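**Student:** Pasting the sequence and the predicted coordinates here, then a few questions.
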Amino acid sequence: MDELRIITITHNSASEAVNSSSLSLEERVNRVTQFRLVVDAMRSEHQPMWTEMEDSIMTTFGQMKETVEEGDTESFNQLLTIFLSKYNMIHPSITVDITPEDVQKIDSHIAFLDTYRNEELKATTRIQQLDQMEHDLKNLFERMTEDDADPSLIWVMISTGGAIILTLIYVGWRKYKGDKQKRQKQRDYDER
């Protein structure tokens, strides 16, 4: 039911964006892309399209972290807005693919940063929050790109492939020996 609710919300948002002339072109594209990513997340079991945004999101996040270390609040706020825009585009897809607990972790980090964006926090507090958030984001993307191949399946393929190869080698050797004996008998017959 949650997946149906998510796809319905993103579909309605995309439909509204397509039919609306008051939204900017970028916002319209983002909403339609968000819907496309949700549909793909529901259909793909391995490597959904939203994982392709990892580089873009992590680059923006890294820049955001640098501005905090430098103490540049204005740049931090601009980069946070960009980061939130990118994250909001993949958020419904993440909700479909990832456990609610993991999504909640990331959402709580984002809520903290967004709530206290204009507050005077110690740089160390903000950096600690960003470090933990970076760790959780990396885990989020790594979880979706891990190879889900069952190790026992690999052993089945190796043993089956090995048996086939050994059988072909044996059959080839027997054919070679049979042909050799046939030629020998033919030579013996011709010599008589």
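**Tutor:** Perfect, I can see it now.
**Student:** Only C-alpha atoms from now on, for both contacts and neighbour counts.
**Tutor:** Noted.
**Student:** The spatially most central residue of the chain and residue 132: what is the separation?
**Tutor:** Computing the C-alpha centroid of the chain and ranking residues by C-alpha atoms, centre = their mean puts residue 51 first, at 3.3 Å. Distance, residue 51 to residue 132, by C-alpha to C-alpha, to the nearest Å: 20 Å.
**Student:** domains in the chain, as residue ranges please.
**Tutor:** As given by automatic domain parsing, the domain ranges for the chain are 2-145, 150-192.
**Student:** Just name the most buried of the ones you listed.
**Tutor:** domain 2-145 (a mean of 16; mean count of other C-alpha atoms under 10 Å).
**Student:** Longest helix in this protein, by number of residues?
**Tutor:** Looking across the chain with DSSP state H, the single longest helix is helix 151-191.
**Student:** Give the rounded mean pLDDT of that one.
**Tutor:** The average pLDDT for helix 151-191 rounds to 88.
**Student:** Same question for stretch 67-80.
**Tutor:** Across stretch 67-80, pLDDT averages out at 85.
**Student:** same question, stretch 24-32
**Tutor:** Rounded mean pLDDT across stretch 24-32 is 87.
**Student:** How about residues contacting it?
**Tutor:** Applying C-alpha atoms under 8 Å, 6 or more residues apart in numbering, the contact partners of stretch 24-32 are 10, 13, 14, 15, 17, 18, 89.
**Student:** for the protein, what spans make up the helices?
**Tutor:** Using DSSP H, the helices of the chain run over 2-19, 25-43, 54-70, 73-97, 100-115, 123-145, 151-191.
**Student:** Could you list every helix and strand in contact with the fourth one?
**Tutor:** It stands for helix 73-97. On a contact count with 3 or more C-alpha pairs under 8 Å, 6 or more residues apart in numbering; DSSP states H and E, helix 73-97 meets helix 2-19, helix 25-43, helix 54-70, helix 100-115.
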